[in-house]
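> 3D, please:
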Amino acid sequence: MSCPDCAKEPDRRSVLLRFVRWAAALSGLALIHPLFRFSGFTIKPKPKYIKIAAPLPRSGVHAEREFFLFASADRSTAWAVSRTCTHLGCRVNFLEDKQLIECPCHQSRFTPQGERLAGPAQRNLPVFPVEVEQDATGKVTGYVVTV
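Residues are numbered from 1 along each chain as shown. This is a model prediction of the structure:
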């Protein structure tokens, strides 16, 4: 006796098909989950410590590949400014006669402290921390720049 309101029992093929669909969906989620989890994750590079021996040139400016190292007149304080322009990433130059940092690509100009003066660059140059090394008498023996 079969009642017309009773649901039909699923056959073997439909059960297997439903199982395969669920397994595929769960597998897809399991594979995509790490991508969503780590999409915003970045590993910060380890800092580099670059040591520059004192004394600096008379101008008080030392040029490296990644930065300019500036020192005050008495050499007791120092700061380092990135050589990478914030506009398009060109390597900037220090114009000693004008006391300016200038980008040769699009003429963005910056102060020796890295502050933007003019040009298409919209941000200041990054400034790196500098540790001034002194001997027991207080004489400056070197500078350590953290890049």
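> Poorly predicted segments of the protein, please.
Along the chain, segments meeting pLDDT under 70 span 1-7, 40-41.
> now the strands for it?
Remark: strands assigned in the chain by DSSP state E are 49-53, 61-63, 67-71, 78-82, 93-95, 100-102, 109-110, 116-118, 127-128, 130-134, 140-146.
> which stretches of this structure form helices?
12-38 (DSSP state H).
> So which residue is smack in the middle of it?
For the chain, the residue nearest the mean C-alpha position is Lys44 (7.6 Å; Cα atoms, centre = their mean).
> which residues touch that one?
By Cβ atoms under 8 Å, 6 or more residues apart in numbering, no residues touch Lys44. All C-beta spots, glycine's among them, are computed from the backbone N, C-alpha and C.
> and if you look at the one 10 residues further on?
By Cβ under 8 Å, 6+ apart, the contact list for Ala54 reads 75, 133, 140-143.
> Let's have the strands of the chain in CSV, adding distance to Arg13 and mean neighbour count.
Formatted as CSV, the strands of the chain follow (distance: least, Cβ to Cβ, whole Å; neighbours: other Cβ atoms under 10 Å):
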stretch, distance to Arg13, mean neighbour count
strand 49-53, 68, 13
strand 61-63, 76, 17
strand 67-71, 70, 22
strand 78-82, 66, 22
strand 93-95, 75, 15
strand 100-102, 74, 21
strand 109-110, 72, 20
strand 116-118, 70, 14
strand 127-128, 68, 18
strand 130-134, 74, 15
strand 140-146, 67, 17
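> Could you check how far Asn93 is from His87?
14 Å (Cβ to Cβ, to the nearest Å).
> go on, Asp74?
Per Cβ to Cβ, Asp74 is found 34 Å from His87.
> More neighbours: the two, which one.
His87 (18 against 7; other Cβ atoms under 10 Å).
> ok now do the closest residue to the more buried one other than its chain neighbours, which residues does it touch?
Spatial nearest neighbour of His87, excluding adjacent residues (Cβ to Cβ, 6 or more residues apart in numbering): Ala121 at 4.0 Å. Ala121 sits next to 85-87, 103, 106, 108, 110 when contact means Cβ under 8 Å, 6+ apart.
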